[in-house]
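Visitor: sequence first, predicted coordinates after that:
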Amino acid sequence: MGRELAARRWLPDLALVSAALRTRETWRLVAAELPVQPGIAFVKALYDASAADILSHIGQTDASSGSLLVIGHNPGLEHLARQLAGPGSDAKALARLEEKFPTGALARVVFEGDWSGVSPARLTHCLRPKDLG
């Protein structure tokens with residue numbers, strides 16, 4: 001997924017990563033593929049967090065961060081992606097999200113405003129490892 005982020009130029013300014021071993025390992029693999037290293041925050045509270053808890057952490061992001069990558073756990077991340085998928089979301093991305101949001105999947109959302117007002121957003125992509133070939 002890191003290679004895909006780099007190829008699409010979806011480079012985060014900041015990564016919020018659960019402090020769990022598995023997510024830190026995922027981050028290490030993603031970061032190795034990025035041409036520029038973003039700021040990183042390991043957040044213990046992202047472990048087993050609900051969608052509301054994850055959104056709360058996102059809302060505390062400094063306005064100077066134009067893009068954010070969150071690496072956490074399901075079901076919280078999947079629920080958050082569904083919650084954020086507002087009007088104008090891509091139909092194909094929504095269908096993929098509804099079908100399955102497995103480990104290693106990426107939901108890309110865009111929105112107007114600052115981090116405290118992320119919802120609603122538009123789901124533009126839902127990439128799963130199996131979709132990348």
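Guide: Thanks, I have the structure now.

Visitor: what about residue 5, distance to residue 77?
Guide: Distance check for residue 5 against residue 77: by C-beta to C-beta, to the nearest Å, it reads 16 Å. C-beta coordinates here come from the backbone N, C-alpha and C atoms, glycine included.

Visitor: please apply the same query to residue 14.
Guide: Distance of residue 14 to residue 77, given as C-beta to C-beta: 16 Å.

Visitor: so those two - more neighbours on which side?
Guide: A count of neighbours by other C-beta atoms under 10 Å puts residue 77 above the other of residue 14 and residue 77, at 21 against 18.

Visitor: who's in contact with the more buried one?
Guide: When contacts are counted by C-beta atoms under 8 Å, 6 or more residues apart in numbering, residue 77 touches 51, 54, 70, 101, 107.

Visitor: which residue, neighbours along the chain excluded, lies closest to the residue sitting nearest the centre point of the chain?
Guide: Nearest to the mean C-alpha position of the chain, counting by C-alpha atoms, centre = their mean, stands residue 70 at 4.1 Å. Residue nearest to residue 70 in three dimensions, not counting chain neighbours: residue 16, with 4.9 Å by C-beta to C-beta, 6 or more residues apart in numbering.

Visitor: partners of the one you found in the sheet?
Guide: The bridge-partner assignment for residue 16, based on DSSP bridges, gives residue 41, residue 70.
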